[in-house]
Structure formats: structure tokens, C-alpha cells
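only geometry, no sequence info:
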């Protein structure tokens, strides 16, 4: 039963997550945190941060890790396969159709209309991460980390992976977290 749960937890976001990994992350969070309760929001945000620091697609890294935690090596395989399968199937089926109608105004309009929905989903997820970090670390720590992160990313132009590693180190040292 666990393998079916792992499969559905990653296959459904793969089908509905139009736009790749970033678009499917809120859907994966819903499955993993809310539906199956395998992780807390805090644990998911830490996994997301660690996954973003590593090279490669975020969705497959998360599926492999969560699948391994829930079902061992077979669980990792099922999670990764479930993440990749919808894209593979849909790409094969729809590639010919989209290529045939690529200049259609309806196809262009569809793409333009989907982007705001993805932005809203990412915004909701960011708010939930902020709320959980605020309750866990306190307002001053949260504001400090947001401020330093903004300065490093936007003003100094430090690579996001280095900012994530720095925030993890800060949390491990000053907030009593474990890396």
C-alpha cells in the first residue's frame, strides 16, 4: 500500500503541475504534508532548501528522498518514476498536437493564463513557510534571515545555493537545528 501512496503522491502533482518542478512543489507539499502527513511543513521546507542546493531537477530529488524515507530503495524508485512518468507520457502524446498548433492564438492565450495561477500557488507556499518559520524561530530571527537573504540575493548577487547553505548553518548554530 505504501508504494501506491508514494506513486500517487508524486504522479498527481506531475500531471497537474504544468510548468515543471517549481509549479509542482506546492502540489507535492499538499500530498506529502497534508494528505499523507509524512512530513511537517518545516521538514518539507528544509527538504526543499536542501534540494535546491543540489544540482538537478528539484521534483525528482524530493521524490527520491521522500520515497526512500517511506519505502526504502523501491520507494525511491517508485517516487522518481511517478514524478517522471506524467511528463514522459504527456510529452509523447501532446508534442505532435502542440507542434501542429503552436502558432494558434488559443494555445498562446492558454500559456499566458496559466502563469498567474502558478505565481499564486508559489506565493501561498512562501507564506506558509514564513508562518512556520515565524512560529519556530521567532519574529526577530525570521526578519533577520529574510533581510540578510534579500541583501545577499538581490544586492550582492550571491548564488542562491550559498545563501541556503548559510541559512542552514545559521539555523544549526543559533537556532539549535540539526543539519
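Sure, I can see it. These numbers were taken from a predicted model, which means no experiment stands behind them. Numbering: from 1, shown residues only.

Every contact and neighbour count from this point should use C-alpha atoms.
Fine.

buried residues in the lowest-mean-pLDDT helix or strand in the chain?
Lowest mean confidence among the helices and strands of the chain (mean pLDDT, DSSP states H and E): helix 105-137, at a mean of 81. Of all the residues in helix 105-137, those buried under the rule 16 or more other Cα atoms under 10 Å are 118, 121, 122, 125, 129, 130, 131, 132, 133.

which residues touch the helix or strand following it?
Next helix or strand after helix 105-137 toward the C-terminus (DSSP states H and E): helix 139-150. Residues from elsewhere that reach helix 139-150 (Cα atoms under 8 Å, 6 or more residues apart in numbering): 130, 133, 134, 163, 167.

From residue 78, how far out is the residue nearest to residue 118 when sequence neighbours are not counted?
Nearest residue to residue 118, sequence neighbours excluded (Cα to Cα, 6 or more residues apart in numbering): residue 23, at 5.8 Å. Separation of residue 23 from residue 78 (Cα to Cα, to the nearest Å): 21 Å.

and those two? which has more neighbours close in?
residue 78 (25 against 21; other Cα atoms under 10 Å).

Now the more buried one: which helix or strand?
With DSSP H and E as the criterion, residue 78 is inside helix 58-100.

Could you identify the most distant pair in the contacts of helix 139-150?
134 and 163 (18.7 Å; Cα to Cα).

In which helix or strand does the spatially most central residue of the chain reside?
Ranked by distance to the mean C-alpha position of the chain (Cα atoms, centre = their mean), the top residue is residue 25 at 3.0 Å. Secondary structure assignment for residue 25, by DSSP H and E: helix 21-29.

my read: residue 61 touches residue 51, true?
Yes: the pair residue 61 / residue 51 is scored as a contact, 6.3 Å apart, by Cα atoms under 8 Å.
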